[in-house]
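In: From the sequence below, what's the structure:
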Amino acid sequence: MSQIQVNTINEYTGANGVTIDGLLIKDGAIPSIAGSGLVHINTSTFSTASSHSVGSCFSSTYTNYKIVIKLSAVTGSNIDFLVRLRSSSTDATSGYRTTRQMASGTAMAVATDPTGTDDWTLGFISTTGTEVHSGTIDLFDPYASTPTQGTSSFSGYFGGAQYLTACDMLNTNTTSYDGITFFPASGTINGTVSVYGYATS
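Out: Residues are numbered from 1 along each chain as shown. Sure, this is the predicted structure:
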């Protein structure tokens, strides 16, 4: 039996994947058996950054997305941690609406558009020495030229106390977004962000 040994097989110019013995492999998955679930699109890290953008992560391939973010270091205390959508490498700076519920200990607070309408807010971040700042965002159809909805869950530190926030988010612009930006209101951040698409078939 003859053997061919190669390190990499690349897609042809049609970008339709690679078929081996009748089995299609495309974008790191096998569509015929993958079924529904999360498909990894991008993971990036950042260090001492005043902002971090992930471009070209939303497309017509998936309708809905999950984003997982983990901060490993923060400068400053009680700083808003903010999000903006991107289109063609440009951040959108209008049309953001946020309803945020924040729980710390036995206290609960609710705020509408706590940082205005030029970004979404996930919560607060602080340097504590034992900081744990992490969360997830679900975005619904950001690539479509319609308003974009989302929800988030984020935990962090405010006033030295651990808290949890849950946000309902809306961007009213009828813009097709292909990326996202994270940034603190001041200071810098270190961490990792991963983007996944929800596969439906």
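In: beta partners for Phe124?
Out: Note on Phe124: beta-bridge partners by DSSP bridges are Asp80.
In: quick one: low-confidence parts of the chain?
Out: By pLDDT under 70, the low-scoring segments of the chain are 1-3, 7, 11-16, 20-24, 26-36, 128-131.
In: Kindly list the longest strand within it.
Out: strand 37-49 (DSSP state E).
In: any idea how far the next helix or strand after that one is from the chain center?
Out: Of the helices and strands lying after strand 37-49 in sequence (DSSP states H and E), the nearest is strand 52-54. What separates the centre of strand 52-54 from the centre of its chain is 9 Å, taken as Cα atoms, centre = their mean, to the nearest Å.
In: and whichever helix or strand comes after strand 52-54, what other elements does it pack with?
Out: Using DSSP H and E, the helix or strand that follows strand 52-54 in sequence is strand 64-74. If you count contacts as 3 or more Cβ pairs under 8 Å, 6 or more residues apart in numbering; DSSP states H and E, strand 64-74 packs onto strand 133-140, strand 179-184, strand 189-199. Bear in mind the C-beta positions are built from the backbone N, C-alpha and C, glycine included.
In: tell me which residues of the longest strand of the chain are tucked away?
Out: Applying a neighbour-count criterion of 16 or more other Cβ atoms under 10 Å, one finds 39, 41, 46 buried in strand 37-49.
In: Between those residues, which sits nearest Thr106?
Out: Using Cβ to Cβ, Phe46 comes nearest to Thr106 of those, at 34.7 Å.
In: beta partners of that closest one?
Out: Beta-bridge partners of Phe46, as defined by DSSP bridges: Gly191.
In: check which helix or strand covers Thr99.
Out: Thr99 belongs to strand 96-104 when assigned by DSSP H and E.
In: Spatially nearest residue to the most centrally placed residue in the chain, not counting backbone neighbours?
Out: Nearest residue to the geometric centre of the chain (Cα atoms, centre = their mean): Ile67, 3.2 Å. Excluding the flanking residues, the one nearest Ile67 by Cβ to Cβ, 6 or more residues apart in numbering is Ile137, at 4.3 Å.
In: got the buried residues of strand 37-49 as TSV, with distance to Gln101 columns?
Out: TSV is the format used below for the buried residues of strand 37-49 (distance: Cβ to Cβ, whole Å):
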residue	distance to Gln101
Val39	30
Ile41	29
Phe46	28
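In: Done for today, thanks.
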